[in-house]
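Asker: quick one, structure for this:
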Amino acid sequence: RGGEAPPPPPPPCWAGVVYGFRRATPQELSHFCPHATHGFTYTTLIVEPTKYLKTIMRRIEAMGGQVSQMQINSLSEAKKGVRVRSRATGGLREATLVVNCAGLFGGALAGDDVQGVTPIRGQIVRVTPPPSRPTLTRFFFVDLTVDNEVAYILPRDDCIVLGGTEQVGDHNTGIDAKDTKEIMRKCAVMLPAIADAKVVSEWAGLRPSRSPVRMEL
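Answerer: Below you'll find the model as predicted:
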């Protein structure tokens, strides 16, 4: 329509949950994401999983929790094979509750061979803040304008995480150089200063996915 800007998108369903949700001003868009015609801004929390999980584990151990490693092939086998120490008697007893947190392999433990759990491959790139944006660790950016082509820039204490990929059915946990190049390209479109960021490391992993979701108690 003659180069007109697209109409503003409706607020997402979670708009009422986060702090300070509002539409970004033209000045903010021009400063942070020059290619964007519309955007949202809000305040939220960012959790760094590697640090958070270590903290949770320390709390569990402080409360008497124990870690056991073994190979199991079913949830019933897990319940019989795991022994927990009773606080009342100090003796070992069979677990009364088993929570399946096996991720991609959770379907195999639950005997879920019909629908199955499918991997979604994700790859990220860790970079240092670009010289022209040393305060980038205070902001995050997510671009959802292209279906299945999510781009995001997430700050951490020691780096900035760039992403990502959502490759359904891909079991590859190795680093794909083409994905790294595409992630850098997408993030540089969103924030041009990223083109000058130094790559620190790369990582790839598999997320579990199932449609429909299966939940049983």
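
Asker: residue ranges with poor pLDDT in this structure?
Answerer: Residues of the chain meeting the criterion pLDDT under 70: 1-5, 81-88, 113-115, 134-138, 144-148.

Asker: tell me which element the residue sitting furthest away from the middle of the chain falls in.
Answerer: Going by CA atoms, centre = their mean, the residue of the chain most distant from its centre is Thr89, 41.1 Å out. Applying DSSP states H and E as the criterion places Thr89 outside every helix and strand.

Asker: contact partners for it?
Answerer: Going by CB atoms under 8 Å, 6 or more residues apart in numbering, Thr89 touches no other residue. C-beta: built from backbone N, CA, C; applies to glycine.

Asker: and it, how far from Pro131?
Answerer: 62 Å (CB to CB, to the nearest Å).

Asker: same check on Gly64?
Answerer: With distances taken as CB to CB, Gly64 is found 49 Å from Pro131.

Asker: so Ser201: helix, strand or coil?
Answerer: strand (DSSP: H, G, I helix; E, B strand; the rest coil).

Asker: from here on, call the first residue 12.
Answerer: All right, first residue 12 from here; so that's Ser212.

Asker: quick check: it touching Arg137?
Answerer: Yes: counting by CB atoms under 8 Å, Ser212 touches Arg137, with 4.7 Å between them.

Asker: overlap of the contact sets of these two?
Answerer: Contact criterion CB under 8 Å, 6+ apart; residues shared by Ser212 and Arg137: Cys170.

Asker: who has more neighbours out of these two?
Answerer: Between Ser212 and Arg137, counting by other CB atoms under 10 Å, Arg137 is the more crowded of the two (18 against 10).

Asker: let's verify that one: helix, strand, or coil?
Answerer: Under three-state DSSP, Arg137 comes out as strand.

Asker: that one is in contact with Val172, isn't it?
Answerer: Yes: using CB under 8 Å, Arg137 is in contact with Val172, at 5.8 Å.

Asker: contact partners of stretch 207-226?
Answerer: Applying CB under 8 Å, 6+ apart, the external contacts of stretch 207-226 come out as 114-115, 117-118, 121, 123, 126-143, 170-171, 173, 179, 181-187, 190-191, 195.

Asker: from Leu217, how far off is Lys197?
Answerer: Per CB to CB, Lys197 is found 21 Å from Leu217.

Asker: and Gly127, by the same measure?
Answerer: Taking CB to CB as the criterion, Gly127 is separated from Leu217 by 14 Å.

Asker: show me where this protein has helices.
Answerer: Using DSSP state H, the helices of the chain run over residues 37-43, 60-73, 86-92, 117-120, 188-201.

Asker: can you show me the CA trace of the third one as PDB?
Answerer: Yep, that's helix 86-92 we're talking about. Only the C-alpha atoms of helix 86-92 are listed here, as PDB (Å, rounded to 0.1, in the frame of the first residue of the first chain):
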ATOM      1  CA  LEU A  86       8.800 -44.900  35.600                       C
ATOM      2  CA  SER A  87       7.800 -48.000  37.500                       C
ATOM      3  CA  GLU A  88      11.400 -49.100  37.500                       C
ATOM      4  CA  ALA A  89      12.400 -45.700  38.800                       C
ATOM      5  CA  LYS A  90       9.900 -45.900  41.700                       C
ATOM      6  CA  LYS A  91      11.200 -49.300  42.800                       C
ATOM      7  CA  GLY A  92      14.900 -48.500  42.200                       C
END
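
Asker: I appreciate the help and will end here.
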